[in-house]
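Q: build me a model from this:
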Amino acid sequence: MKMPKPAALPPVFGSLCHGLQYVQRISDVEYSAECPECGGIVHPNNEFPDRFRLWTDGHCRAWCRRCGYFVWADQVDKDASPPTPQALDQWRKEQIAREEARKRSAELALANLRERETWRIYYDQLEPMGRAYWAKRGISWAWQDWWRLGWQPESRWGVPTATIPIFGYQWEAQNIKHRLIGITEVGGKYRYELHGQQQALFLCNPEKRLGDHVIAVEGEIKAAVTFAILDDSKVNMVGLPGSTPGQHILKEFADCDRITLVLDPGAEKAARQLATQLGSKRCRVLIPPVKIDDGILAAQMTGQDVRRLLNQAVPV
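A: Residues are numbered from 1 along each chain as shown. All right, here's what the predicted structure looks like:
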């Protein structure tokens, strides 16, 4: 999936939002972009960050749904008329109603996914192509069954997909991640079954709560391959949805005494930032020369080999 081209902001937002890189035009009166305060990066599917919303209907205003940053264009544009208290109150009510409607829609979609057990539809389609795909990725049939991995021969994206159910504690479904087959460009390989949901950790053992020492690997498949090779029930391992997870994910590590972060090559800066957010004293970082699952397969590593590799993690 190619990255979209940035749009131009209306002049009224020029000085307010100077330097925004990921502007998109949503409608005649609405734009989105990364936030001037809390930032935002390109999503895994190459879509632009859209947490910062800008409106040009009536009194021009902008608001970030992540950090709450809010500003009226008249604060930087002397020619813009200030909003009345009534307009402010009305806008806030409308925004709250819109956000509540979005949350209700997301909750209903998740409830439907859980009730239908959508992941099971894909799991039942594993053979033979799906089984072969996952085995080639380094995940045996037994582990495919454990994680309920699946296969979709024909998807809404026009290509087959390998499916990864994301389960919370005690196998409560959170979402399903699709790996598009035949798509190779960076950032364009993955899609979520449900939109509007918070990203979640991939728990290698959904029957075990996070605590003590947790190994957090960047990427669900990389975590699965590493965990399967170790084949040790004492290991507590999770897959991170990326190297810059949100605060709701960081809170999942609250009860962990020690965290080993395994990130992709070139993620040194992200590793430092993530370790700082989690608490540097309890973090160690491993950035292998190649992605860990690729290295495991290329070198035909054993569980003992992987343990030695993980022991090379260093303090930040």
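Q: SS state for residue 179?
A: Classification of residue 179 by DSSP: H, G, I helix; E, B strand; the rest coil places it in strand.
Q: now the closest residue to it other than its chain neighbours. Its backbone dihedrals?
A: Closest residue to residue 179 apart from its sequence neighbours, by CB to CB, 6 or more residues apart in numbering: residue 162 at 4.4 Å. (Each C-beta comes from the backbone N, C-alpha and C, glycine too.) Residue 162 adopts backbone torsions of phi -100, psi 130, taken as degrees, to the nearest 10.
Q: state the distance from residue 162 to residue 176.
A: Computed with CB to CB, to the nearest Å, the distance linking residue 162 and residue 176 is 11 Å.
Q: my guess is residue 200 contacts residue 168. True?
A: Yes: Residue 200 lies in contact with residue 168 (CB atoms under 8 Å); the separation is 6.6 Å.
Q: joint contacts of the two?
A: Common neighbours of residue 200 and residue 168 (criterion: CB atoms under 8 Å, 6 or more residues apart in numbering): residue 174.
Q: between the two, which one's more packed in?
A: residue 200 (22 against 14; other CB atoms under 10 Å).
Q: quick one, what contacts the nearest residue in space to the more buried one that is not next to it in sequence?
A: With CB to CB, 6+ apart as the criterion, residue 200 has its nearest non-adjacent residue at 4.1 Å, and that residue is residue 174. Contacts for residue 174 (CB under 8 Å, 6+ apart) come out as 110, 166-168, 197, 200.
Q: in helices only, show me these.
A: The helices, defined by DSSP state H, take in residue 110 from the contacts of residue 174.
Q: so which pair among the contacts of residue 174 is furthest apart in space?
A: Spatial extent of the contacts of residue 174 (CB to CB) is set by the pair 167 and 197 at 13.4 Å.
Q: okay, buried residues for the lowest-mean-pLDDT helix or strand in the chain please.
A: None of the helices or strands of the chain scores lower by mean pLDDT, DSSP states H and E than strand 70-72, at a mean of 78. Buried residues in strand 70-72, counting neighbours by 16 or more other CB atoms under 10 Å, are found at 71-72.
Q: check which helices and strands that strand sits against.
A: In terms of contacts (3 or more CB pairs under 8 Å, 6 or more residues apart in numbering; DSSP states H and E), strand 70-72 is packed against strand 61-64.
Q: re earlier: and the residue nearest to residue 179, how many neighbours?
A: Residues near residue 162, counting by other CB under 10 Å, number 22.
Q: and the gap between it and residue 293?
A: 14 Å.
Q: quick one on the thing from earlier: which neighbours do residue 162 and residue 176 share?
A: residue 150.
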